[in-house]
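K.L.:
give me the fold of what follows.
(chains A, B, C and D)
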Number of protein chains: 2
Amino acid sequence: MAAQKTGPGSRQPTINDVAALAGVSKKTVSRVINRSEFISEKTRTAVQKAIETLGFVPNPQARALAFRRNFLIALLHDNPNAQTVLNFQQGVLDAIKDSDLALLVRPVDRSSDKMLDDVRTFLEKQRPIGAMLLPPISENDELAALCDSLGVRYVRVGSAPLDDPLHCVSSNDREVVAEAVGKLVALGHRRIGFVRGPVGFRSAAEREKGFLEALADAGLTLAPELNEPGNYRFTAGIEAGEKLLVLAEPPTAIFCSNDEMAAGVMSVAHAKGISVPGDLSIIGFDDSPTATQIWPALSTVRWPIREMGVRAAHTLVPDFLTGTVKPADPDTATLASTFVERQSVAGPSAR
Amino acid sequence: MAAQKTGPGSRQPTINDVAALAGVSKKTVSRVINRSEFISEKTRTAVQKAIETLGFVPNPQARALAFRRNFLIALLHDNPNAQTVLNFQQGVLDAIKDSDLALLVRPVDRSSDKMLDDVRTFLEKQRPIGAMLLPPISENDELAALCDSLGVRYVRVGSAPLDDPLHCVSSNDREVVAEAVGKLVALGHRRIGFVRGPVGFRSAAEREKGFLEALADAGLTLAPELNEPGNYRFTAGIEAGEKLLVLAEPPTAIFCSNDEMAAGVMSVAHAKGISVPGDLSIIGFDDSPTATQIWPALSTVRWPIREMGVRAAHTLVPDFLTGTVKPADPDTATLASTFVERQSVAGPSAR
DNA sequence: TCTCTAAAAGACACCGGTGTCAAAAGCAAG
DNA sequence: CTTGCTTTTGACACCGGTGTCTTTTAGAGA
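P.N.:
Modelled structure (predicted):
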């Protein structure tokens, strides 16, 4: 007798509707939804049929409440590079596709002094199971501590291990930068300029290490006048270019710690009539969209950001991801970046 | 007797804890949370204090359940341009900052034939209050119909009104393209090439209209050999450039329907030794990061994407956004794009 | 002081699921 | 046909809030 269970109009069917239609208790329906093993095949089939007939979809809010845990994971980033964020996000979505999880994306303002409070408020309000921290904010230890103190799991994504493997997904940037710069050396370059990333960034330090390693391997050292500071911005590339390219003995190649700065250096070269790669080889880092949208196309290092998203999801919430897209090699937390050769690199011109 | 209400360790305080501490019923606490007017100042203050003492944050899942409505809005996009998505998202977040809403971001694959099913599943599962559709998927009428049929509000974001104002936030791309091309004409350009966006895209059609309008206003027509198809990709710009720049009488200026294609055309110009802007002026559209990361910097049209995010949020869920960041002019659904002049434009060289 | 009314506060069911534990059903062995 | 066990199912409380309706309190007027 109780009110018409399928409801008037388009009310969303509930577990009670399914139970009524299948002639079982709601708890039994719950068991089917959650793939409990203590249920007979016959009942399971009947309930499944009722679920399909009604087009029942469990209410995630109600489940979250009853489970005392919701099914959200958060992606915190400070957008240094939109494409990177989106690619990573795509990887995470690949990984959680067939799970019950949903993804909340949250930009944070690293430069704000209220940053920690903002994140705290966000985490307290949404109570995600876990949070993924993209660089550069992944390098912030206070943030990781905050997650810990709130009982929110976290994974830090970075260019080198930042924490124990349980909390970390990283790529081998240092090695690949060394490889890339090694190729410059192999081509015959001896005066190789360096444009650094911002001070205090782990990624910048790793790239610098890789660069210096490659020089050292070749028995070279970095002349002070070839070492330029930078901040990952295009304008820093311009400034570095303006200095490096007017030297009495200018470099024949320049490694820039990211693509944006490499684009800046390249602009200066164009403006000064310096041919790339004829007179100057340039290598960047990130394989951002810009890398293939400038001329000549930029040789750069691509980090496996989408795969890192998959990996990060599996590191963060392995218990929620049975039977979904898996990372290629679940045992290593470090994924391989690759050097992508394009037209901005050639041997030094004979002079 | 009842278990220690503040709980062992770090259990999140609930409304019951607050009620107990303040010595009132949970319903009264609920009234304070929801700013009910039927409550005495004294009680409100006492409850507020208890809330602060405990650091109580209402459980959004429980609220969602009780309200029979959650506090989620969704952003659906098919990532044509990562920066655009992120800027729009930022605008939405600006708008919902002080509200109870949270934002779910969801990329969809426009080219998949399961796209509608995917979106349906997503909406049924998450049941957001509303969805924002970014171009190009905002142009998909089936998607809008799907939202309607699921009782999910929606807003379509586009380069021109796509629907009634209740469901639409747009920019005046056509006018601004006409303005930009008008400047080329004013500089003395007569042979102006055109690289179109993909067929079937509203944005491409609008930009084309604006281009043709400007020509018509100047009494010019578009010569067939100066009209190139495109698809918003860099390679399409390359192809268009390869054709336009080898003509017996090449254009002195080219309008490209987006920045990426403009970058392609510019690459071809560089490769052919054609000076930009000396021999060729180029205008793009989007003001993407690339626009300022190529040399010379690209003149382009910037659409007010972040402001559109704010506007979209207010159009979608005005009832949830009292007292938060407001759009500048709440009455128009159409926002103004602007022409951004940079170094890629000059008068035609005398020949 | 007492009555009446409006404002404030509370009791209790309910939103749609899950956990616990008890009851029912199924089945092999006696 | 029982007994005793295991498997399957269900009753009921509960998660943490809100809606409805009732009761209590406060204040104005007689």
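
K.L.:
list the contacts for A:Thr343?
P.N.:
Actually, residue A:343 is Gln rather than Thr. Each residue near A:Gln343 by C-beta atoms under 8 Å, 6 or more residues apart in numbering or on different chains is listed here: A:277, A:296-297, A:299. (C-beta placed from N, C-alpha, C; glycine too.)

K.L.:
top of those residues by neighbour count?
P.N.:
Among those, A:Ser299 has the most neighbours (other C-beta atoms under 10 Å in any protein chain shown), with 25 neighbours.

K.L.:
partner residues bridging that residue?
P.N.:
A:Ile283 (DSSP bridges).

K.L.:
residues in contact with it?
P.N.:
Counted by C-beta under 8 Å, 6+ apart, A:Ser299 has contacts A:180, A:281-284, A:339-345.

K.L.:
could you check how far it is from DNA strand D?
P.N.:
54 Å (C-beta to the nearest atom of the strand, to the nearest Å).

K.L.:
how near is that residue to DNA strand C?
P.N.:
A:Ser299 is 52 Å from DNA strand C, by C-beta to the nearest atom of the strand.

K.L.:
distance of that residue from B:Leu146?
P.N.:
44 Å (C-beta to C-beta, to the nearest Å).

K.L.:
how far away is the nearest residue to A:Asp173 once chain neighbours are set aside from chain B?
P.N.:
Leaving out its chain neighbours, the residue that sits closest to A:Asp173 by C-beta to C-beta, 6 or more residues apart in numbering or on different chains is A:Ser159, at 4.1 Å. Using C-beta to the nearest C-beta, to the nearest Å, A:Ser159 is found at 20 Å from chain B.

K.L.:
ok, A:Ser159 - contacts?
P.N.:
A:135, A:170-171, A:173-174, A:202-203, A:206-207, A:303.

K.L.:
out of those residues, which sit inside strands?
P.N.:
A:170-171 (DSSP state E).

K.L.:
considering the contacts of A:Ser159, which possesses the most neighbours?
P.N.:
Result: A:Arg207 is most packed of the contacts of A:Ser159 (other C-beta under 10 Å), 29 neighbours.

K.L.:
was I right to think that residue contacts A:Phe285?
P.N.:
Yes - with contact defined as C-beta atoms under 8 Å, A:Arg207 counts as touching A:Phe285 (6.1 Å).

K.L.:
list residues touching both of the two?
P.N.:
A:173, A:177, A:257.

K.L.:
now, which of those residues sits nearest DNA strand C?
P.N.:
Of all these, A:Asp173 has the smallest distance to DNA strand C: 42.0 Å, by C-beta to the nearest atom of the strand.

K.L.:
thought that closest one was touching A:Arg202?
P.N.:
No - look at A:Asp173 against A:Arg202 with C-beta under 8 Å: they stay out of range, at 9.5 Å.

K.L.:
overlap in contacts, these two.
P.N.:
Going by C-beta under 8 Å, 6+ apart, residues that sit against A:Asp173 and also against A:Arg202 are A:159-160.

K.L.:
number of residues surrounding A:Pro117?
P.N.:
Careful, residue A:117 is Asp and not Pro. Neighbour number of A:Asp117 under other C-beta under 10 Å is 11.

K.L.:
ok, the one 5 residues further on next?
P.N.:
Burial of A:Phe122, expressed as a neighbour count using other C-beta under 10 Å, amounts to 18.

K.L.:
now it: closest residue in space that isn't a chain neighbour?
P.N.:
A:Arg106 (5.8 Å).

K.L.:
if we can go back for a sec, could you dump the contacts of A:Ser159 into CSV with pLDDT added?
P.N.:
Shown next, in CSV, are the contacts of A:Ser159 (pLDDT from 0 to 100):
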residue, pLDDT
A:Pro135, 89
A:Ser170, 91
A:Ser171, 92
A:Asp173, 93
A:Arg174, 95
A:Arg202, 89
A:Ser203, 91
A:Glu206, 94
A:Arg207, 96
A:Trp303, 90
